[in-house]
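what's the 3D shape of this:
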Amino acid sequence: MKEYMHIDLVKLIIGDRKTNTNQVDDNSEVEDVDVSRSSSSQETKITVSMPDGWEKNESSVLEHQYMKGTSSFMLKSEPFEGTDLYDIVDQAKEIYSDTFDNVTYIGSTKDIEINGNPAKTIVFTADIAGLEMKYMYAYTIINGEVYVATFGDLASTFDSLQSDYDAILASIEY
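Just a heads-up that it's a prediction; the model follows:
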């Protein structure tokens, strides 16, 4: 299991960086995507505004996956049991600790809002395929489903894009 995740994460870091987005102003791009979920009776339209330099990964199966240098951003639904954000974060931490090598959580779980709704973030480092990586995961509930915004980069460069990560989270609308 770890080997497959390592390969996928390395592909994510160095993956295809073609772009096909609409420019809306000098500082951001907006990608409008209709996301229909068979497990939900509601249709969710999610928009994300990307700061300059972020390119959509056209080869991804995800609607929202972008790259900037070695940094990545993804937004997707996750099949967690329940919708209690505290429980979801606990489940996620257990999964990451069991999946990745040398996981170190940085700080405590942080309460934020995404589109005016409660969300929780966790930040951690881990060794992936011989690289020290740093991640921030932000969990929220959209129409009864768990969604996660994931930011990842080399640990040595992750913090340099924190303002981009904050802007992306603030731009998510549904």
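
So in this structure, where's the weakest helix or strand by average pLDDT?
strand 22-23 (a mean of 35; mean pLDDT, DSSP states H and E).

The helix or strand that contains M74 pairs with which strands?
M74 belongs to strand 71-78 when assigned by DSSP states H and E. Taking DSSP bridges as the criterion, strand 71-78 sits next to strand 64-68 (antiparallel), strand 145-154 (antiparallel) in its sheet.

quick one: low-confidence ranges for this protein?
1-43 (pLDDT under 70).

so the lengthiest helix in it versus strand 71-78, what angle?
Criterion DSSP state H: the longest helix present in the chain is helix 85-99. Counting by axes from the mean of the first three to the mean of the last three C-alpha atoms, to 10 degrees, helix 85-99 lies at 120 degrees to strand 71-78.

ok, the helix or strand that comes right after helix 85-99: who's next to it in the sheet?
Downstream of helix 85-99, the first helix or strand assigned by DSSP H and E is strand 101-105. Its sheet considered, strand 101-105 pairs with strand 117-128 (antiparallel) by DSSP bridges.

In the strand it pairs with, which residues are buried?
Within strand 117-128, the residues that count as buried by 16 or more other C-beta atoms under 10 Å are A119, K120, T121, I122, V123, F124, T125, A126, I128. The way it works is simple: take the backbone N, C-alpha and C, and place the C-beta from them, glycine included.

tell me the two of those that are most distant?
Within these, A119 and I128 form the most distant pair, 24.4 Å apart (C-beta to C-beta).

Give the buried residues for the strand holding M74.
Neighbour count says strand 71-78 has S71, S72, F73, M74, L75, K76, S77 buried, by 16+ other C-beta under 10 Å.

ok, now stretch 164-174?
For stretch 164-174, using 16+ other C-beta under 10 Å, the buried residues are D164, Y165, A167, I168, L169, S171, I172, Y174.
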